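Engineer: only geometry, no sequence info:
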C-alpha cells in the first residue's frame, strides 16, 4: 500500500515537473522568437559597381524670370524642362543630359519620383518639372517600366496635374493611400510602415517645394520624403516634428535610396502653409538641385524667412516655429546644416 502511494506520488510529481518544463520551454521559445526571427532588411541594393554622385553642401539654383505662364500658377513646359536639365547638368559637372543623369542613376535602377501634392493644385510639385525628370531618366537609359511617380493619396497625386499622357509611355503613377505598405518597422520616435512604392525602388528622386509649415516651421526635401511616405504621419508631428523628421529620413527605407532632390521653386508659400495660401504665395521662378536634403532645407527655410521679413512678419523662430529638425538631421550625418559650409551656385538662363 505504502509502495503504491509512493509510486503514484512519484509519477504525479514527474508528470507535473514535465508539464512545468514544457510550459517554461514554450514560454522561453516565444520570448526568443521575436528577437531571433530574421529582421526585414529595408536597405536598397545598388547596381553592382555603381556609386552615385554625392555632393554634400552643394546646391545649384537655376533662375529664369518669366518662366511662369500668365496667371503665375504653372511654369511654361519648355522653361521648366530647360531649368531642370540645366540644374542636373551643372550639379553633376557632366557635359550632356544623359551622362549627367547617369551620375546619379544607373540604367538598371528602379526609380521612384516622390512628388508633393498636399498643397493641392496651385501649390503642388508641378507636372512640368516631373515630366522633365522622367524624360531625363529615360535619356539616361532607365526603362520606363522601371519608373514610378508616387505620393501619399490619390487626391495629392491628382493635384500635381501629372498624368500618364504627359509622361514617357510606360511610366507608372501610384499612391499608397495608407494601405500599399511595407512591413512595420520603427524609429526612436515610434512605429510606422513605409510606402511600398518607395521600398520597391532602388533609387528615389524627391520633388519638394518651398513652404512654411504650421507644425514644423518649414517643409522641403526632408519632410517631403518622410511624412508623405509613411502610414501614420500624424504620429510624428509632436515637438515641431523634431527629431521625428530626421529619424524617419535616417531609416534605411529612405536613406539608402535617395539620389537627388529637384526642388520646385517656381512658387513659395511663406505663411499659412503647408496648404496653399494665395495671399502669401509668391513667384520665385527657380529650380534647385542637390544631393543634400539638409543643405537644401536650410536654404529653403532661409528663403521663407527672407520673404516673411520682407512682408513685415516675424521669422519662423520669432513665430515659435523654428525648423529644428534641420540641425538634428545635420548631426545625424544626413547633410550639411551649417550655413557657412553650404555653397549655392546660381545660374541664370
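Structural biologist: Looks like it came in fine. All values reported here derive from a predicted model rather than from experimental measurement.
Engineer: the strands in the chain, which residues?
Structural biologist: For the chain, strands defined by DSSP state E occupy the ranges 58-63, 111-114, 147-151, 172-175, 185-187, 190-192, 203-206, 210-213, 217-219, 258-269, 281-290, 343-348.
Engineer: Tabulate those strands (TSV), appending distance to residue 101 and mean pLDDT.
Structural biologist: To be clear about C-beta, it is placed using only N, CA and C from the backbone, and glycine gets the same treatment. Formatted as TSV, the strands of the chain follow (distance: least, Cβ to Cβ, whole Å; pLDDT from 0 to 100):
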stretch	distance to residue 101	mean pLDDT
strand 58-63	14	99
strand 111-114	10	99
strand 147-151	12	98
strand 172-175	19	97
strand 185-187	30	96
strand 190-192	31	97
strand 203-206	10	99
strand 210-213	24	98
strand 217-219	26	97
strand 258-269	9	99
strand 281-290	11	99
strand 343-348	17	99
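Engineer: quick one, which of the ones you listed is nearest to residue 249?
Structural biologist: Taking Cβ to Cβ, strand 258-269 is the member of the strands of the chain nearest to residue 249, at 8.1 Å.
Engineer: So which helix or strand of the chain has the lowest pLDDT on average?
Structural biologist: When the helices and strands of the chain are compared on mean pLDDT, DSSP states H and E, helix 2-36 comes out lowest with a mean of 41.
Engineer: Adding distance to residue 302 and mean neighbour count, write the strands of the chain out as JSON lines.
Structural biologist: Listed next are the strands of the chain as JSON lines, based on distance: least, Cβ to Cβ, whole Å; neighbours: other Cβ atoms under 10 Å:
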{"stretch": "strand 58-63", "distance to residue 302": "11", "mean neighbour count": "22"}
{"stretch": "strand 111-114", "distance to residue 302": "23", "mean neighbour count": "26"}
{"stretch": "strand 147-151", "distance to residue 302": "26", "mean neighbour count": "26"}
{"stretch": "strand 172-175", "distance to residue 302": "32", "mean neighbour count": "18"}
{"stretch": "strand 185-187", "distance to residue 302": "27", "mean neighbour count": "15"}
{"stretch": "strand 190-192", "distance to residue 302": "30", "mean neighbour count": "16"}
{"stretch": "strand 203-206", "distance to residue 302": "19", "mean neighbour count": "27"}
{"stretch": "strand 210-213", "distance to residue 302": "10", "mean neighbour count": "28"}
{"stretch": "strand 217-219", "distance to residue 302": "9", "mean neighbour count": "28"}
{"stretch": "strand 258-269", "distance to residue 302": "11", "mean neighbour count": "26"}
{"stretch": "strand 281-290", "distance to residue 302": "12", "mean neighbour count": "23"}
{"stretch": "strand 343-348", "distance to residue 302": "10", "mean neighbour count": "13"}
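Engineer: list the contacts for the spatially most central residue of the chain?
Structural biologist: Compute the mean C-alpha point of the chain, and by Cα atoms, centre = their mean the closest residue is residue 225, 1.4 Å away. Residue 225 sits next to 114, 204, 206, 249, 254, 258, 293 when contact means Cβ atoms under 8 Å, 6 or more residues apart in numbering.
Engineer: Could you give the average pLDDT over stretch 309-318?
Structural biologist: Taken as a whole, stretch 309-318 has a mean pLDDT of 97.
Engineer: Burial check on residue 96, number of neighbours?
Structural biologist: Neighbours of residue 96 under the rule other Cβ atoms under 10 Å: 12.
Engineer: which residues in the stretch 51-200 of the chain form helices?
Structural biologist: With helices called from DSSP state H, counting those that start in this stretch, the stretch 51-200 of the chain shows them at 77-92, 97-102, 127-139, 154-159, 196-199.
Engineer: Figure out which of those helices is closest to residue 304.
Structural biologist: Residue 304 lies closest to helix 127-139 among these, at 19.4 Å (Cβ to Cβ).
Engineer: now the closest one, how far from the chain's geometric center?
Structural biologist: 18 Å (Cα atoms, centre = their mean, to the nearest Å).
Engineer: I'd like to check the angle between it and strand 258-269, please.
Structural biologist: Helix 127-139 runs at 160 degrees relative to strand 258-269, counting by axes from the mean of the first three to the mean of the last three Cα atoms, to 10 degrees.
Engineer: same for helix 127-139, what does it pack against?
Structural biologist: Packing partners of helix 127-139 (3 or more Cβ pairs under 8 Å, 6 or more residues apart in numbering; DSSP states H and E): helix 77-92, helix 97-102, strand 111-114, strand 147-151, strand 258-269.
Engineer: Mean confidence (pLDDT) on it, please.
Structural biologist: The average pLDDT for helix 127-139 rounds to 99.
Engineer: one step back: take the contacts of residue 225 and write them to CSV, including distance to residue 91.
Structural biologist: Output for these, formatted as CSV (distance: Cβ to Cβ, whole Å):
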residue, distance to residue 91
114, 18
204, 16
206, 14
249, 20
254, 20
258, 14
293, 14
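Engineer: with those in mind, which one is nearest to residue 139?
Structural biologist: Set against residue 139, the nearest of those by Cβ to Cβ is residue 204 (18.4 Å).
Engineer: Now the closest residue to the closest one other than its chain neighbours. Its backbone dihedrals?
Structural biologist: Spatial nearest neighbour of residue 204, excluding adjacent residues (Cβ to Cβ, 6 or more residues apart in numbering): residue 257 at 4.4 Å. Main-chain torsions, residue 257, degrees, to the nearest 10: phi -110, psi -20.
Engineer: residues near residue 257, how many?
Structural biologist: Residue 257 has 24 nearby residues by other Cβ under 10 Å.
Engineer: That's all I had, so thanks and see you.
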